[in-house]
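> Below is the sequence, then the predicted model.
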Amino acid sequence: MNAPISKQTLMPATVAFKLNDQTVHAYEGESILKAAQRHGVDIPHLCHKDGLRSDGNCRACVVEIKGERTLAPSCCRTATAGLEVLVSDRALKSQKMVLEMLLSDMPDVGHKWNDAPGASPAAADLGQHGELSDWASRLKVTVRPALRALRREQPACDVSHPAMAVNLDACIQCNRCVRACREEQMNDVIGYANRGAHSQIVFDLGDAMGDSACVACGECVQACPTGALMPKTQVGSQAVDKQVDSVCPFCGVGCLLTYNVKDNKIVSVDGRDGPANHNRLCVKGRFGFDYIHNPQRLTVPLIRKAGVRKDPAALSQLNAHAADWSQVFREATWDEALALASGSLKQLRDTHGKKALAGFGSAKGSNEEAYLFQKLVRTGFGSNNVDHCTRLCHASSVSALLEGVGSAAVSNQVNDVEHASLIFVIGSNPTANHPVAATWMKNAAKRGAKIVLADPRVTDIGKHAWRTLQFKPDTDVAMLNALIHTVIDEGLVNEAFVRDRVNNFEALKENVKGYSPEAMAPICGVPAETLREVAREFATTKSAMVLWGMGVSQHIHGTDNARCLIALVSVTGQIGKPGSGLHPLRGQNNVQGASDAGLIPMMYPNYQRVTNSAAHDWFEKFWDTPLDDQPGYTVVEIMHKALADDSDPHKVRGMYIMGENPAMSDPDLNHARHALASLDHLVVQDIFMTETAWLADVVLPATAWPEKTGTVSNTDRMVQLGQQAIEPPGQAQPDLWIIQQMAKGMGLHWHYEGAHSGVAAVYEEMRQAMHASISGITWERLQRESSVTYPCLTADDPGEPTVFKHHFDTDDGRVHLVPADIIPANERPDAAYPFVLITGRQLEHWHTGSMTRRATVLDAIEPMATASMCGADLTRLGLHAGDVMTIASRRGQVSLHVRRDDGTPAGAVFVPFAYYEAAANLMTNAALDPFGKIPEFKYCAVAVHAGGVVPDGTGFGLNRALHTDASS
């Protein structure tokens with residue numbers, strides 16, 4: 001591990017000045033307002049908000065400065081040495097006048113929410129005006145009748161948006177919402193129009209908020225000081241019973257947040273000042289919380305009724321979100337369900353051997369659950385047949401990183417793009433998949449960093465790109481090798497870095513000789529001069545950072561794609577320093593932590609190979625149990641083994657699946673569903689009756705993230721603590737408790753005592769198993785700090801945000817380069833199937849949709865399945881935006897509505913995989929990368945034709961008009 005930065009070096013310089021005749025110190029560059037706050041002097045302020053650029057337009061924070069004629073806004077005046085500042089009677093009088101004038105324009109009794117159709121009947125009870133009322137109360141400000149008589153004409157309210165209500169009669173035009181939208185989130189939806197008495201906040205060109213380009217990040221709601229913009233769930237009484245700090249349960253960015261709870265229900269969510277988000281959230285994090293209150297939550301254990309067969313074919317016609325499970329399952333007690341669940345698995349193990357069982361854990365649960373689940377499979381089932389969704393997203397990245405740099409985690413954190421002069425984004429759509437991470441990239445571009453977008457699809461981040469490399473699908477290696485060729489061919493190699501820190505450079509150099517940009521341009525579709533220009537800039541710029549997503553990893557050559565990225569940063573020396581490195585963006589909230597904790601078939605916790613005799617012996621002793629020393633089967637291999645002939649001694653006959661939905665997430669779904677239905681015994685532990693749960697023998701009702709306490713590890717290598725906010729519904733139980741009961745039924749004798757099913761005790765055991773990375777992160781430290789970056793080896797170690805500064809985690813401390821050649825996709829387009837299918841996520845929905853499609857706001861914004869194609873292809877097929885079309889591969893087909901997106905290349909069609917009524921994975925190819933064993937989700941051949949029957953997948957929320965433009 002690199003040496004931690006000295007805390008002393010992080011302390012900024014200070015300057016001395018006088019505040020109310022007392023000498024105080026301000027940090028260099030700090031405002032008078034912030035310095036005063038730190039010294040216990042509260043100055044009114046309304047347009048100022050931490051995290052936003054100070055604007056000084058409300059004038060509520062004015063102070064008197066000795067020697068100056070006019071009062072100065074303290075929020076945007078820097079404290080300098082020798083300054084004499086007074087919060088004098090003159091300043092106080094001015095502050096009170098500002099507050100009174102603003103209050104005089106406020107509505108008499110609350111906002112007029114109840115004037116709008118569908119508004120809350122309790123709306124008139126609001127009365128107060130947030131921070132404005134608070135400051136007026138503290139300064140004892142009242143409004144004179146004469147000022148009331150001059151009040152502006154009150155604008156009408158706007159409740160057109162599914163998530164947010166707008167009532168500008170409470171707007172004080174502080175511009176916080178404008179700065180939040182334009183400067184923080186960089187969405188540029190909210191503006192300021194007109195002048196004088198007619199000035200007002202507008203959305204786009206004066207559109208209703210619901211008709212605007214708003215992406216519902218809610219940053220404006222969090223910024224608004226008066227409630228002029230607020231969540232609809234808090235219209236009316238804003239009082240809450242409690243506020244609980246936690247972590248966002250969706251993507252891997254790991255935004256810290258606060259749940260606002262009333263009557264055991266979450267009513268709203270606020271962003272918290274966490275290291276990954278600094279108060280920012282996206283639409284899922286801020287408004288996607290009410291899935292936990294959905295009436296379709298599982299609340300009692302279920303057992304399949306005798307004689308009711310498992311029909312995988314029926315899943316294609318089943319409305320899994322609305323079907324009546326009582327026709328298939330019966331309710332059971334926990335004792336009965338657990339006895340059947342664990343007892344049947346134990347019998348299969350004892351009858352057919354330890355390879356007969358397998359387990360899928362979850363990247364949506366906690367680290368403690370992942371650790372305990374893999375321990376159950378290894379010590380209770382008796383094999384390493386345990387995996388989770390990392391196999392379906394970044395397994396190839398992990399393989400290449402372990403091989404090349406010795407660590408599967410990121411070298412630099414996302415917001416380190418602040419220090420990058422070039423940001424290379426490849427195979428990722430961050431504005432949709434990692435929206436808060438995308439804000440850091442957009443902020444960096446605004447200050448002058450050059451973004452290079454490399455992707456077959458030109459996505460929204462392309463609006464901020466310096467250069468766009470829209471390469472042909474499946475030609476990643478050709479394009480990347482052309483960049484490496486240019487660096488070597490033009491003498492741009494960082495010779496010192498290669499000499500001191502890189503192995504196998506000569507083999508790489510020899511391999512890329514035939515990959516000149518001129519030779520690769522016809523293959524990848526990017527002009528040779530553009531490839532050379534980007535390569536030169538990458539090699540010569542001060543700092544370059546590579547961020548990639550599943551567009552890189554989900555290919556049969558995904559490992560080779562990642563090898564090329566490792567080679568590119570190595571030959572240019574763009575790794576091991578701020579703003580330079582490798583970052584595979586993690587898709588789910590705990591896919592990093594679940595992998596770290598050992599929820600993969602060939603690795604113990606902390607990526608120690610099961611075939612390594614020292615690691616094997618250590619864990620045998622640590623767990624006091626004999627362990628298998630051979631890798632287990634991966635996700636897709638387990639499905640193959642479930643369909644193996646009965647004569648196969650390694651046939652998988654029983655499975656335990658916790659929080660995963662392979663009946664929606666696996667490739668070639670007809671095959672996967674047939675495999676699940678063929679199992680002798682399937683136990684599913686989840687919060688909803690997922691497609692996978694419909695094929696189970698026993699269904700165990702578990703807890704959602706806000707109902708549990710535990711840790712998760714985000715894409716930035718931060719271990720973060722989430723606290724339980726509400727109680728689970730009905731008889732649903734904590735996942736950690738259920739795992740322990742299953743272990744007991746398998747004959748294991750575990751004792752994890754304490755609150756929340758012994759989560760702290762489990763964490764401390766996991767910390768011992770992962771001592772090489774998190775030994776310095778104790779449970780007590782997490783309770784105190786909420787978030788700690790690893791590697792962190794001692795109690796006073798602040799953690800290392802940037803690694804590989806001096807050496808890599810390989811056996812010799814050097815990068816191990818592996819040359820890569822072009823390997824075509826397993827399945828190519830032909831006359832019968834002339835299009836390429838690309839799958840992925842979208843902004844509002846996530847993974848298989850089991851959570852987000854049960855979230856009212858998210859489903860209201862995107863209620864139906866769509867496919868995206870460019871205008872030229874639509875014209876050629878005789879289609880128009882909004883029409884129904886059918887997409888078919890050699891494995892299956894779906895019918896859905898089409899959306900025009902000219903960022904999608906000709907000859908390709910993009911389909912999100914969150915919609916069960918149009919499950920994209922019915923069509924995808926299960927061909928595997930030989931190293932990462934990841935399926936080729938991002939490429940298969942399909943046919944497209946007009947028409948078809950679209951299943952009824954709507955009705956979970958408000959149906960809005962189908963967007964037809966590329967930006968929707």
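Cool, the structure landed.

> any chance you could map the strands in the stretch 251-400 of the chain?
With DSSP state E, counting those that start in this stretch as the criterion, the stretch 251-400 of the chain has strands at 256-262, 265-271, 302-304, 329-331, 357-360, 386-387.

> Name the nearest residue to the residue positioned nearest the centre of the chain, ignoring sequence neighbours.
A centroid search over the chain (CA atoms, centre = their mean) returns residue 251, at 1.6 Å, as the residue closest to the centre. Closest residue in space to residue 251, ignoring its immediate chain neighbours: residue 434 at 5.4 Å, by CB to CB, 6 or more residues apart in numbering. Every C-beta, even on glycine, is put in place using the N, C-alpha and C of the backbone.

> So the one you found versus residue 440, what's the distance?
Relative to residue 440, residue 434 is positioned 10 Å away (CB to CB, to the nearest Å).

> Between those two, which contacts overlap?
Common contacts of residue 434 and residue 440, defined by CB atoms under 8 Å, 6 or more residues apart in numbering, comprise residue 414.

> looking at it, the residue nearest to the centre of the chain is touching residue 587, isn't it?
Yes - using CB atoms under 8 Å, residue 251 is in contact with residue 587, at 6.3 Å.

> any common contacting residues for the two?
The contact lists of residue 251 and residue 587 share residue 433, where a contact means CB under 8 Å, 6+ apart.

> which residue sits closest to residue 764, ignoring its sequence neighbours?
Ranked by CB to CB, 6+ apart and with sequence neighbours excluded, the top spatial neighbour of residue 764 is residue 779, at 6.1 Å.

> Backbone dihedrals for that neighbour, please?
Backbone torsions of residue 779, given as degrees, to the nearest 10, read phi -60, psi -40.

> ok, it - contacts?
By CB under 8 Å, 6+ apart, the contact set of residue 779 is 760, 763-764, 767.

> ok, 10 Å please
By CB atoms under 10 Å, 6 or more residues apart in numbering, the residues touching residue 779 are 711, 721, 754, 759-764, 767.

> related to what we said a few turns ago, shouldn't the residue nearest to residue 251 be in contact with residue 285?
No - counting by CB atoms under 10 Å, residue 434 does not reach residue 285; the two are 11.3 Å apart.

> shared neighbours, the two?
Residues touching both residue 434 and residue 285 (CB under 10 Å, 6+ apart) are 250-251, 253.

> can you tell me which of these are in helices?
Among those, the subset assigned to helices under DSSP state H is empty.

> Let me know the closest of those to residue 857.
Distance to residue 857 across these (CB to CB) is lowest for residue 250, with 13.3 Å.

> mind checking pLDDT for that closest one?
The score at residue 250 is 95. That number is its pLDDT.

> Please name the nearest non-neighbouring residue to it.
residue 284 (4.5 Å).

> swap in residue 837?
Leaving aside its sequence neighbours, residue 837 sits nearest to residue 942 (CB to CB, 6+ apart; 4.4 Å).

> returning to what we had before: the residue nearest to the centre of the chain contacts residue 846, doesn't it?
Yes - contact criterion CB under 10 Å: residue 251 and residue 846 qualify, at 7.1 Å.

> Need the residues touching each of the two.
284, 433, 587-589.

> So what's the residue count around the residue nearest to residue 231 when sequence neighbours are not counted?
Spatial nearest neighbour of residue 231, chain neighbours left out: residue 268 (4.7 Å); criterion: CB to CB, 6+ apart. For residue 268, the neighbour count with other CB atoms under 10 Å is 23.

> who does residue 268 bridge with?
With DSSP bridges as the criterion, residue 268 is bridged to residue 260.

> mind checking which helix or strand of this protein has the lowest mean pLDDT?
Least confident helix or strand, the chain: helix 145-149 with a mean of 86, by mean pLDDT, DSSP states H and E.

> How far away from the center of its chain is the helix or strand following that helix?
Scanning forward in sequence from helix 145-149 by DSSP states H and E, the next helix or strand is strand 164-166. Averaging C-alpha positions (CA atoms, centre = their mean, to the nearest Å) puts strand 164-166 25 Å from its chain's average.

> Now do the helix or strand following strand 164-166: distance to the chain's middle.
Downstream of strand 164-166, the first helix or strand assigned by DSSP H and E is helix 176-179. Remark: helix 176-179 is offset 24 Å from the chain centroid, using CA atoms, centre = their mean.

> How about residues contacting helix 176-179?
Residues from elsewhere that reach helix 176-179 (CB under 10 Å, 6+ apart): 46-49, 51-55, 57-58, 131, 166, 171, 185, 188-192, 201-203, 219-226, 228-229.

> about what we covered before: so the residue nearest to residue 837 makes contact with residue 833?
Yes - the pair residue 942 / residue 833 is scored as a contact, 5.5 Å apart, by CB under 10 Å.

> which residues are in contact with both of those two?
When CB under 10 Å, 6+ apart defines a contact, the residues bordering residue 942 and residue 833 alike are 827, 887-890, 923.

> possible to save the shared contacts of residue 434 and residue 285 as CSV with distance to residue 855?
CSV is the format used below for the shared contacts of residue 434 and residue 285 (distance: CB to CB, whole Å):
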residue, distance to residue 855
250, 10
251, 14
253, 18
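
> all helices for the stretch 651-800 of the chain, in order.
662-665, 669-678, 735-745, 755-769, 771-774, 779-785 (DSSP state H, counting those that start in this stretch).

> Among those, show me which one is buried the most.
Highest mean neighbour count among the helices of the stretch 651-800 of the chain (mean count of other CB atoms under 10 Å): helix 662-665, with a mean of 26.

> got the end-to-end distance for stretch 649-667?
Separation of the first and last residues of stretch 649-667 by CA to CA, to the nearest Å is 25 Å.

> could you give the mean pLDDT of the strand or helix carrying residue 909?
Element membership for residue 909, per DSSP H and E: strand 908-912. The average pLDDT within strand 908-912 is 97.

> Identify the residues contacting the next helix or strand after that strand?
Next along the chain after strand 908-912, taking DSSP H and E as the criterion, comes strand 925-928. Outside of strand 925-928, the residues within contact range by CB under 10 Å, 6+ apart are 391, 395-396, 555-556, 558, 634-637, 639-640, 666-669, 671-672, 825-827, 837, 889-891, 934-941.

> could you check the angle helix 735-745 makes with the longest helix along the chain?
Counting residues, the longest helix in the chain under DSSP H turns out to be helix 334-352. Helix 334-352 and helix 735-745 are oriented at 50 degrees to each other (axes from the mean of the first three to the mean of the last three CA atoms, to 10 degrees).

> Report the buried residues of helix 334-352.
334, 337-338, 340-342, 344-346, 348-349, 352 (16 or more other CB atoms under 10 Å).

> next one: stretch 37-46
Counting neighbours by 16+ other CB under 10 Å, one finds that the buried residues in stretch 37-46 are 41, 43-46.

> and if you look at stretch 478-498?
Applying 16+ other CB under 10 Å to stretch 478-498 flags 478-489, 492-494, 497-498 as buried.

> Okay, and which of the residues you listed map to strands?
Using DSSP state E, no member of the buried residues of stretch 478-498 falls in strands.

> picking that back up, compare residue 942 and residue 833 (neighbour count), which wins?
Taking neighbours as other CB under 10 Å, residue 942 and residue 833 compare with residue 942 leading, 27 against 20.

> model confidence over whatever helix or strand residue 98 lives in, on average?
Residue 98 is part of helix 89-104 when elements are defined by DSSP H and E. For helix 89-104, mean pLDDT is 95.

> Show me which positions of the helix or strand just after that helix end up buried.
The helix or strand immediately downstream of helix 89-104 is helix 130-138, counting by DSSP H and E. By 16+ other CB under 10 Å, the buried positions in helix 130-138 come out as 130-133, 135-136.
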